[in-house]
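**Q** Sharing a model prediction with you, sequence too.
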Amino acid sequence: MSFYNEMFEDDGNARLCYLKYLEWLNAPEQTDLIKRKEEAENVFRRTGITFNVYSEKEETEKLIPFDLIPRILTGDEWKIIQRGVEQRVKAINSFLWDIYHHQEIIKAGIIPHSLIEQNEAFLPEMIGFTPPSGIYTHIAGIDLVRTSEKEFFVLEDNVRTPSGVSYMIENRETMYNMFPELFSKIKVRSVTEYPAKLLRALKASSPQLLNDSTVAVLTPGMYNSAYFEHSFLADQMGVELVESQDLQIIDGRVAMRTTQGFKIIDVLYRRVDDMFLDPLSFNENSALGVPGIMDVYKSGSITIANAPGTGIADDKAIYSYIPEIIRFYTGQKALLKNVETWLCRNKEHLQYVLENMSSLVVKEVHGSGGYGMLIGPAASKQELSAFKKKLVRNPANYIAQPTLSLSTVPVLKKSGLVPRHVDLRPFALVSRDNVFVTDGGLTRVALKKGSLVVNSSQGGGTKDTWILENN
Amino acid sequence: MKMSLQNIVEFQFTANPTYGIQRLRMTPKESERQKTLSWEIILKGAKKEIEYVDHHGNVCVLLTFEKDTKSVSVLAQGDVEINKTNGVTNEDSLIPKWLFKRHTELAKPGVAIKKFCRDFAGFTGSDLDLVYKVANKLQQTLKYEIGSTKVETVAEEAFLLKKGVCQDFAHIYISCMRVLNFPVRYVSGYLKLNDRKEQEATHAWCEVYVNNLGWVGIDVSNNIIVDENYVVLATGFDYKDAKPIHGLQFESENSGIKTAISIQQ
């Protein structure tokens, strides 16, 4: 398999968008770059950017490795992504409204109702209810991979509680601090206004027509793997970070305990999963949620971002229908391609997957973080046969995709620059009549040679992502 | 037929709960079959926070306990007009009928229920006949016995015991009808027994959706088609989203619940 190297052409010449950067990198004064790598790691350790990794053993806090070599995209390349993400996110919002109202897409025979019926992410509680301002996915993160100069594929939509945006911002901050001269040499679009835009989008979705809505961030607590991000975003937006025990229902509204007494919340950016959001409505043993918040929500007095029940749109089985979903609601062809997907719930697909497993990537329908997946080409015979057994036992739980030739961007090693596979998660913010795609995103990089798994839980790292000011 | 209803529920606590919250579905549900003429909910030891209509069309009232209260009482009362519809009802709802075929935790069929349903596999009569036939057969099979099951008992457990109360009868019937591919829902409400004014408890029954007809009310506990003596409070996929009172409280236990229901024509 050949891979598209984003920095170098096949003959070893640098691609245009990296010329200025390489000029800087190859200057004699950059010889100590490898030492400065440690400097960057120290910055991260000081700021506390860590990530919990769930494993059989004790939960441990781990530093996500940061690679100093930026990933650079031109304005033109970015335009493809931006438009594609915007189109996708709009269609997903239309789909969510439809699926929780008249279900025209099912009546039209485009999606089988069995796909919804058997899906735990579908919340009947949302039927007939329109969230304040009509938005379901205030924040969306769309995972992309690149396979050639102009080809980007969507690997996954994340419209429940996408994470990673704090790394996008902190990576940029670190680069600014370490290499300020680079940013005067090369015009890179800014990502630092993201928290302000997020706050504006959240406030704009408030159920109250006030200029000054109160926003808060709900976190499951410090043991959550993304706690750093929750507190980071609350801090950057200048809003309260709250936990379950800080909240209660007062005068028909959700209120938070503050040093000045209780304060009403208009918009809650929650980083707690649906099932734990309200013990009165969902998992009754949840200590992470707010009893009665769904009642307040349904009476129209609070915005919950993202809306409960959005998970029905980013499920891996629904994913394969997204191009048709886009066509159905927008009348357009999908700008970003989907990866061909076999749904193992379908008998013929299952047969194909079992016969071709060694060349496929098999994932759990509800899985995330790279857990519970199998990469056929990298799996041993034993692993393959063990996975086949799992698959046959519960086929509906799995999907399979071809192993994609993910593009590479070099990372810095002692030996110099070596290519490693990357993906990209751009972040979109949805307001009443527009979708804003942040000029950047989170580039994840597989640090092991040849590895295609970029998830931080599987030893992946991150890079700063540059979108050039010029085309 | 016009009915006057009154239901008082009183909760006593062992200690003052630090925080308590309840969702009431104690206002009759509007439908073609029944119209609410007047209704009020009076609370003691608690405060009404919100009122809204849920996805099933049930009126929900959310209440929180007053500080340092040792008891909470809920009085729901008013007048309801019940139309003669031969047990059939219809209403506007966005919930697709196929969603009522989805098995739920409380009404999931096990081996025994599935086996019971197999007897109806070759049934050649009308859908409506089948609706009655299954109810009939269950009524013959099951014994109504107070105290034989708990509130969390699931359909299959009660079916194996061959006994239960109205909640179990309803769950078993729901389970069977879903196996037989009918949309079916749980109903909680009141049944006016003709020989008395004071009633023992709220009742539970089912509604099965029959094409070209509507929701047909079936009371398996009494093996009858729902008539004008039945007042619907709430409907749901099972007991969980149709129960009249659902709540939780912190650092306290209920030491007792007293219920008094009176129904007058």
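**A** Ah, there it is.

**Q** Now residue B:130. Nearest residue, chain neighbours left out?
**A** Spatial nearest neighbour of residue B:130, chain neighbours left out: residue B:123 (5.3 Å); criterion: CB to CB, 6 or more residues apart in numbering or on different chains. Any C-beta I mention is one placed from the backbone N, CA and C, and that applies to glycine too.

**Q** Against chain A, how distant is the one you found?
**A** 24 Å (CB to the nearest CB, to the nearest Å).

**Q** Could you pull up the contacting residues of that residue?
**A** Residue B:123 sits next to B:129-130, B:133 when contact means CB atoms under 8 Å, 6 or more residues apart in numbering or on different chains.

**Q** repeat for residue A:144
**A** A:81, A:152-155, A:336, A:423-426.

**Q** Quickly find the element holding residue B:25.
**A** Using DSSP states H and E, residue B:25 sits within strand B:19-27.

**Q** Kindly state the pLDDT recorded for the residue nearest to residue A:130 when sequence neighbours are not counted?
**A** Among residues not flanking residue A:130 along the chain, residue A:97 sits closest, at 6.9 Å (CB to CB, 6+ apart). Note on residue A:97: pLDDT of 98.

**Q** Helices of chain B, start to end?
**A** Using DSSP state H, the helices of chain B run over B:111-118, B:127-141, B:155-161, B:166-179.

**Q** swap that for the stretch 101-250 of chain A, sorry
**A** When assigned using DSSP state H, counting those that start in this stretch, the helices of the stretch 101-250 of chain A occupy the ranges A:104-107, A:113-117, A:165-178, A:180-185, A:194-204, A:227-237.

**Q** Tell me which of those lies nearest to chain B.
**A** helix A:113-117 (5.3 Å; CB to the nearest CB).

**Q** Now do that closest one: everything it contacts.
**A** A:99, A:103, A:106, A:122, A:312, A:317-318, A:321, B:96, B:98-99, B:101-102.

**Q** for the spatially most central residue of chain A, what are its contacts?
**A** Centroid check for chain A by CA atoms, centre = their mean gives residue A:141 as the closest residue, at 3.6 Å. Residues in contact with residue A:141 (CB under 8 Å, 6+ apart) are A:158-159, A:162-165, A:425-428, A:442.

**Q** now do residue B:59
**A** Contacts for residue B:59 (CB under 8 Å, 6+ apart) come out as B:25, B:27-29, B:51-53.

**Q** So among those residues, which ones count as buried?
**A** Buried by 16 or more other CB atoms under 10 Å in any protein chain shown: B:25, B:27-29, B:51-52, out of these.

**Q** Does residue B:245 touch residue B:22 like I think?
**A** Yes - taking contacts as CB atoms under 8 Å, residue B:245 lies within contact range of residue B:22: 5.8 Å.

**Q** Need the overlap of contacts for those two.
**A** Residues touching both residue B:245 and residue B:22 (CB under 8 Å, 6+ apart): residue B:74.

**Q** picking up where we left off before, if you compare the helices of chain B, which one is most tucked away?
**A** helix B:166-179 (a mean of 26; mean count of other CB atoms under 10 Å in any protein chain shown).

**Q** distance of the residue in the stretch 101-250 of chain B that chain A sits nearest to from residue B:180?
**A** Per CB to the nearest CB, residue B:102 is where the stretch 101-250 of chain B lies closest to chain A, at 5.4 Å. As for residue B:102, its distance to residue B:180 is 14 Å (criterion: CB to CB, to the nearest Å).

**Q** If anything else comes up later, I'll come back, but that's it for now.
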